[in-house]
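**Q** coords below, sequence missing:
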(Lines give C-alpha, C1' and ligand atoms only; values in the text may rest on other atoms or scores of the structure.)
Protein backbone atom coordinates (compact mmCIF):
# COMPACT_ATOMS: atom_id res chain seq x y z
CA UNK A 1 0.00 0.00 0.00
CA UNK A 2 1.47 3.30 -1.09
CA UNK A 3 0.37 6.35 0.83
CA UNK A 4 1.16 9.79 -0.46
CA UNK A 5 0.32 12.89 1.44
CA UNK A 6 1.05 16.48 0.64
CA UNK A 7 1.01 19.38 2.94
CA UNK A 8 -0.29 22.59 1.44
CA UNK A 9 -0.36 25.68 3.56
CA UNK A 10 -3.41 27.78 2.80
CA UNK A 11 -2.57 31.30 1.74
CA UNK A 12 -3.99 33.90 4.09
CA UNK A 13 -5.96 36.63 2.38
CA UNK A 14 -7.44 39.74 3.93
CA UNK A 15 -10.80 41.21 3.00
CA UNK A 16 -10.82 44.99 2.71
CA UNK A 17 -14.12 45.91 4.37
CA UNK A 18 -13.76 49.70 4.06
CA UNK A 19 -10.20 50.65 3.08
CA UNK A 20 -6.63 49.85 3.97
CA UNK A 21 -3.51 52.02 4.04
CA UNK A 22 -0.45 50.55 2.37
CA UNK A 23 3.07 52.02 2.53
CA UNK A 24 5.60 52.38 -0.30
CA UNK A 25 3.38 53.38 -3.18
CA UNK A 26 4.11 56.00 -5.84
CA UNK A 27 7.45 57.71 -5.54
CA UNK A 28 7.74 61.47 -5.60
CA UNK A 29 10.72 63.69 -6.18
CA UNK A 30 12.81 64.37 -3.09
CA UNK A 31 11.46 61.50 -0.97
CA UNK A 32 13.25 58.27 -0.13
CA UNK A 33 10.19 56.09 0.33
CA UNK A 34 7.02 55.83 -1.67
CA UNK A 35 3.73 57.40 -0.67
CA UNK A 36 1.15 55.71 1.52
CA UNK A 37 -1.86 54.58 -0.50
CA UNK A 38 -5.54 54.53 0.44
CA UNK A 39 -6.79 51.27 -1.12
CA UNK A 40 -10.35 50.01 -1.40
CA UNK A 41 -12.19 47.38 -3.39
CA UNK A 42 -13.60 48.44 -6.74
CA UNK A 43 -17.28 48.05 -7.59
CA UNK A 44 -17.35 46.79 -11.20
CA UNK A 45 -21.06 47.67 -11.46
CA UNK A 46 -20.13 51.37 -11.35
CA UNK A 47 -18.48 53.52 -14.01
CA UNK A 48 -14.67 53.34 -13.83
CA UNK A 49 -13.32 55.29 -10.86
CA UNK A 50 -11.02 57.28 -13.17
CA UNK A 51 -14.08 58.45 -15.11
CA UNK A 52 -15.96 59.26 -11.89
CA UNK A 53 -13.09 61.45 -10.60
CA UNK A 54 -12.48 62.98 -14.04
CA UNK A 55 -16.13 64.01 -14.34
CA UNK A 56 -16.38 65.22 -10.74
CA UNK A 57 -13.34 67.50 -11.04
CA UNK A 58 -13.67 68.37 -14.76
CA UNK A 59 -10.31 66.80 -15.61
CA UNK A 60 -9.13 66.82 -19.23
CA UNK A 61 -8.72 63.02 -19.45
CA UNK A 62 -9.20 59.76 -17.57
CA UNK A 63 -5.58 58.61 -17.57
CA UNK A 64 -2.67 59.60 -15.33
CA UNK A 65 -5.10 61.30 -12.99
CA UNK A 66 -3.78 63.73 -10.44
CA UNK A 67 -5.64 66.80 -9.26
CA UNK A 68 -5.59 69.48 -6.58
CA UNK A 69 -8.30 69.78 -3.96
CA UNK A 70 -8.74 72.30 -1.13
CA UNK A 71 -9.57 70.88 2.30
CA UNK A 72 -9.81 73.10 5.38
CA UNK A 73 -8.26 75.99 3.41
CA UNK A 74 -5.20 73.88 2.48
CA UNK A 75 -4.23 72.50 -0.93
CA UNK A 76 -3.66 68.79 -1.48
CA UNK A 77 -2.70 66.85 -4.59
CA UNK A 78 -4.48 63.54 -5.09
CA UNK A 79 -2.92 60.79 -7.22
CA UNK A 80 -5.15 58.03 -8.61
CA UNK A 81 -3.21 54.88 -9.40
CA UNK A 82 -3.62 53.09 -12.71
CA UNK A 83 -4.29 49.36 -12.27
CA UNK A 84 -0.76 48.52 -13.49
CA UNK A 85 0.68 50.85 -10.82
CA UNK A 86 -1.34 49.14 -8.09
CA UNK A 87 0.14 45.82 -9.18
CA UNK A 88 3.63 47.34 -9.41
CA UNK A 89 3.69 48.76 -5.89
CA UNK A 90 1.50 46.34 -3.93
CA UNK A 91 0.99 42.59 -3.68
CA UNK A 92 -2.78 42.54 -4.18
CA UNK A 93 -2.88 38.73 -4.05
CA UNK A 94 -2.92 39.19 -0.26
CA UNK A 95 -6.41 40.69 -0.51
CA UNK A 96 -9.69 38.90 -1.04
CA UNK A 97 -12.03 40.16 -3.75
CA UNK A 98 -15.63 40.10 -2.55
CA UNK A 99 -17.20 42.02 -5.47
CA UNK A 100 -16.93 39.29 -8.10
CA UNK A 101 -19.36 39.95 -10.92
CA UNK A 102 -20.16 38.02 -14.10
CA UNK A 103 -18.87 39.83 -17.19
CA UNK A 104 -22.41 40.74 -18.30
CA UNK A 105 -22.89 42.80 -15.08
CA UNK A 106 -19.64 44.74 -15.37
CA UNK A 107 -20.21 48.34 -16.37
CA UNK A 108 -16.88 49.80 -15.28
CA UNK A 109 -13.40 48.55 -14.73
CA UNK A 110 -12.46 44.95 -13.98
CA UNK A 111 -9.63 46.23 -11.76
CA UNK A 112 -10.19 44.67 -8.35
CA UNK A 113 -8.83 47.57 -6.30
CA UNK A 114 -8.58 51.35 -6.39
CA UNK A 115 -5.67 53.22 -4.81
CA UNK A 116 -5.05 56.90 -4.12
CA UNK A 117 -2.21 58.85 -2.53
CA UNK A 118 -2.18 62.45 -1.31
CA UNK A 119 0.53 65.06 -0.81
CA UNK A 120 0.39 68.67 0.32
CA UNK A 121 2.11 71.67 -1.27
CA UNK A 122 5.37 70.68 0.51
CA UNK A 123 5.38 67.16 -1.04
CA UNK A 124 4.58 65.59 2.34
CA UNK A 125 2.83 62.20 2.39
CA UNK A 126 -0.51 63.16 3.96
CA UNK A 127 -1.48 59.54 4.67
CA UNK A 128 1.71 58.75 6.57
CA UNK A 129 0.96 57.81 10.17
CA UNK A 130 3.05 60.77 11.39
CA UNK A 131 1.36 63.33 9.13
CA UNK A 132 -0.53 66.19 10.74
CA UNK A 133 -2.85 66.09 7.70
CA UNK A 134 -3.77 62.41 7.95
CA UNK A 135 -7.22 62.89 9.52
CA UNK A 136 -8.24 65.61 7.04
CA UNK A 137 -7.04 63.49 4.15
CA UNK A 138 -8.69 60.28 5.36
CA UNK A 139 -12.00 62.05 5.88
CA UNK A 140 -11.89 63.38 2.30
CA UNK A 141 -10.88 60.01 0.79
CA UNK A 142 -13.57 58.11 2.72
CA UNK A 143 -16.21 60.58 1.50
CA UNK A 144 -14.93 60.28 -2.08
CA UNK A 145 -14.96 56.46 -1.87
CA UNK A 146 -18.47 56.41 -0.38
CA UNK A 147 -19.76 58.82 -3.03
CA UNK A 148 -18.33 56.55 -5.74
CA UNK A 149 -19.53 53.26 -4.24
CA UNK A 150 -23.02 54.55 -3.41
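**A** Structure received. Predicted, not measured: the structure shown is a model, and the values here were computed from it.

**Q** Wait, residue 131 touches residue 119, no?
**A** No. With contact defined as CB atoms under 8 Å, residue 131 does not reach residue 119; the gap is 9.8 Å. Where C-beta positions appear, they are placed from N, C-alpha and C, glycine not excepted.

**Q** what touches both of the two?
**A** Residues touching both residue 131 and residue 119 (CB atoms under 8 Å, 6 or more residues apart in numbering): residue 125.

**Q** Of the two, which one has the most company?
**A** For residue 131 versus residue 119, neighbours defined as other CB atoms under 10 Å are more numerous around residue 119 (23 against 18).

**Q** Show me the beta-bridge partners of the nearest residue to the more buried one once chain neighbours are set aside.
**A** Spatially, and ignoring its direct neighbours in sequence, residue 119 is nearest to residue 77 (5.1 Å; CB to CB, 6 or more residues apart in numbering). Counting by DSSP bridges, residue 77 forms beta bridges with residue 68, residue 119.

**Q** Am I right that residue 77 is in contact with residue 68?
**A** Yes. Using CB under 8 Å, residue 77 makes contact with residue 68 at a distance of 5.5 Å.

**Q** Tell me which of these two has more neighbours.
**A** Taking other CB under 10 Å, residue 77 and residue 68 do not tie; residue 77 has more neighbours (16 against 10).
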